[in-house]
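Chemist: Got a predicted structure plus its sequence, pasted below:
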Amino acid sequence: MAISTLHIIACPNCHKIHQKHVIIGGFPSYTWSDLLVVGRGGNPYGNLKINACPHCNHFFWVHSEYTLGVLKYDSPLEWKEAPEADEQFDFNFWKHLVEIQFFENEEEECYVRLHTWQTYNHFFRNEQGISGAFYGFFHNDSNYQPNNTLIEFNKQNISRLYQILPSKSEENWLLKAEIQRHLENWEECVKICRKAEKNLKDGHYLRVAFRKMRKLAQEQHSKVVQIFS
């Protein structure tokens, strides 16, 4: 269960205030192979760096200068009655951010492209029997299949993500292996996994994930799966 506080954010467009959840602790329920972490209520576990103002629908990167403070019991009534920001954006929203290049550097680009990919994968999470409103954003029809245009968009998006994703962290090694698996580059995925398994220390929590990823690639399985629960 996630433990969160509410930050008061002033929209840079209309200057009205709203509340934004910021997670400060707790434990996630499970993690997917594209590193989406979900809480027990079915909500994403993390803090979006992009907000959509509930007053004017303006979306923006949440920089520190927009934060007025943390909501407390003795906060002004205006803060307590402020609406909450919507933090569950659908695939079309993230796809739009990619198309308009809503980023100024590769760090921001990685962030947008990763969330776009994770949201694209929601259909395949549904396919595995995961229910709940969070997974309903991508489609309303249980028989829905991404069309060729969206499939090609996803391939281009994750190919670019692979190019710009830093290789400094073990989590990014896993993302790189997962991207190659989704692109059906089986040998490259296995190569990355074996290298990671060799370099990770015994007992590292990601060793199981890399082992599972390698097995999936060897079986030529290209869909997102749960790796921890």
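Modeler: Here it is on my side, so go on.
Chemist: residues in contact with stretch 58-74?
Modeler: 5-14, 17, 19-20, 48-53, 75, 79-80, 93, 97, 102, 108 (C-beta atoms under 8 Å, 6 or more residues apart in numbering). For the C-beta atoms, the positions are set from N, CA and C on the backbone; glycine is no exception.
Chemist: the residue most distant from the middle of the protein, which is it?
Modeler: The C-alpha centroid of the chain is most remote from D74, which lies 33.7 Å away (C-alpha atoms, centre = their mean).
Chemist: mind checking the SS state of it?
Modeler: coil (DSSP: H, G, I helix; E, B strand; the rest coil).
Chemist: got it, and K20?
Modeler: strand.
Chemist: For it, the count of nearby residues, please.
Modeler: Counted with other C-beta atoms under 10 Å, the neighbours of K20 add up to 21.
Chemist: wait, isn't it in contact with D86?
Modeler: No. Using C-beta atoms under 8 Å, K20 is not in contact with D86; the gap is 10.1 Å.
Chemist: Is F60 in a helix, a strand, or coil?
Modeler: strand.
Chemist: Quickly find the element holding K198.
Modeler: Secondary structure assignment for K198, by DSSP states H and E: helix 186-199.
Chemist: Can you spell out which helices and strands pack onto the helix or strand that that helix is followed by?
Modeler: Per DSSP H and E, the first helix or strand lying C-terminal to helix 186-199 is helix 207-218. Judged by 3 or more C-beta pairs under 8 Å, 6 or more residues apart in numbering; DSSP states H and E, the packing partners of helix 207-218 are helix 170-182, helix 186-199, strand 226-228.
Chemist: Try it again at 6 Å.
Modeler: helix 170-182, helix 186-199 (3 or more C-beta pairs under 6 Å, 6 or more residues apart in numbering; DSSP states H and E).
Chemist: Export these as a markdown table, with columns for mean pLDDT, distance to V224 and mean neighbour count.
Modeler: As requested, these are arranged in a markdown table below (pLDDT from 0 to 100; distance: least, C-beta to C-beta, whole Å; neighbours: other C-beta atoms under 10 Å):
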| stretch | mean pLDDT | distance to V224 | mean neighbour count |
| --- | --- | --- | --- |
| helix 170-182 | 96 | 8 | 22 |
| helix 186-199 | 95 | 14 | 17 |
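Chemist: got those helices as JSON lines, with distance to S222 columns?
Modeler: Formatted as JSON lines, the helices and strands packed on helix 207-218 follow (distance: least, C-beta to C-beta, whole Å):
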{"stretch": "helix 170-182", "distance to S222": "5"}
{"stretch": "helix 186-199", "distance to S222": "9"}
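Chemist: quick check: longest helix of this protein.
Modeler: helix 148-164 (DSSP state H).
Chemist: What are the buried residues along that helix?
Modeler: L150, F153, N154, N157, I158, L161, Y162 (16 or more other C-beta atoms under 10 Å).
Chemist: and the residue lying closest to the first one once chain neighbours are set aside, how far is that from I164?
Modeler: When the adjacent residues along the chain are set aside, L150 lies closest to Y120, with 7.4 Å between them (C-beta to C-beta, 6 or more residues apart in numbering). Y120 sits 18 Å away from I164 when distances are taken as C-beta to C-beta, to the nearest Å.
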